[in-house]
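Engineer: please find the sequence and the predicted model below.
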Amino acid sequence: MKILVLNGSPHLNGATSDMVDAFSKGAQESGHEVNVINVAHKNIRGCMACEYCREKEKGVCVQKDDMQDIYPEILGSDMVVFASPIYYFTLSAQLQAAIHRTYSIDIPANVKKVALIMSSGSPFVYGPAIAQYYHSIVEYWGVENAGIFTANGDKNKSEEKRDELYRFGRSL
Ligand SMILES: Cc1cc2nc3c(=O)[nH]c(=O)nc-3n(C[C@H](O)[C@H](O)[C@H](O)COP(=O)(O)O)c2cc1C
């Protein structure tokens, strides 16, 4: 499978990235191709709701920023993994911006599976992010939820979480 990870953490060596790395290692060892894009380090503006992609040129976003390189990656992947730190009980603004900008390509027909990886300071803070993931991605795209993984407090960057994510990647 071609697996795309959209990582919304600005910390390239942070807790979210730690889980992403372990997942990627496991998935690669199982023979999958993994491409991690750190969207927090890309120039991705919010959707302007201009409707150009729906009314003028179907599927084409007028905003010529780094999303233009990410669209083909989403459209060419079999699985998309969303990874983010929890900011104010939900996904980071950087990952939100990338998700909102998929408005132009709408439902990527090739994607069959998705997963969600989140890191936070506290436990019991994932409700809004999980609700969004289910409604906007799993149900809207009509894809299989392959798993939801979380780490908080001293479980961040722990051997236990690394192993959990590695095994998930390996199982695919
Ligand atoms: C702007 C901001 C908002 C945050 N909001 C929450 C929150 O609502 N709940 C929580 O448990 N942690 C919150 N945190 C803590 C981060 O989720 C936590 O430090 C996480 O492990 C960071 O992951 P990273 O190392 O991948 O960046 C917040 C951190 C920042 C910077």
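Structural biologist: Cool, got the structure.

Engineer: what sits against the closest residue to Tyr71 other than its chain neighbours?
Structural biologist: Among residues not flanking Tyr71 along the chain, Ile105 sits closest, at 5.6 Å (C-beta to C-beta, 6 or more residues apart in numbering). Quick note: C-beta positions are derived from backbone N, CA and C, even for glycine. By C-beta atoms under 8 Å, 6 or more residues apart in numbering, Ile105 lies in contact with Cys53, Gly59, Cys61, Tyr71, Ile74, Leu75.

Engineer: for stretch 74-85, buried residues please.
Structural biologist: Going by neighbour count (16 or more other C-beta atoms under 10 Å), the buried part of stretch 74-85 is Ile74, Ser77, Asp78, Met79, Val80, Val81, Phe82, Ala83, Ser84, Pro85.

Engineer: likewise for stretch 56-64?
Structural biologist: Within stretch 56-64, the residues that qualify as buried are Cys61, Gln63, counting by 16+ other C-beta under 10 Å.

Engineer: how close does the residue nearest to Tyr71 get to Ile44?
Structural biologist: Separation of Ile105 from Ile44 (C-beta to C-beta, to the nearest Å): 14 Å.

Engineer: is stretch 27-37 in proximity to the ligand?
Structural biologist: No. No part of stretch 27-37 sits near the ligand under the criterion C-beta under 6 Å from any ligand atom; the closest distance found is 13.0 Å.
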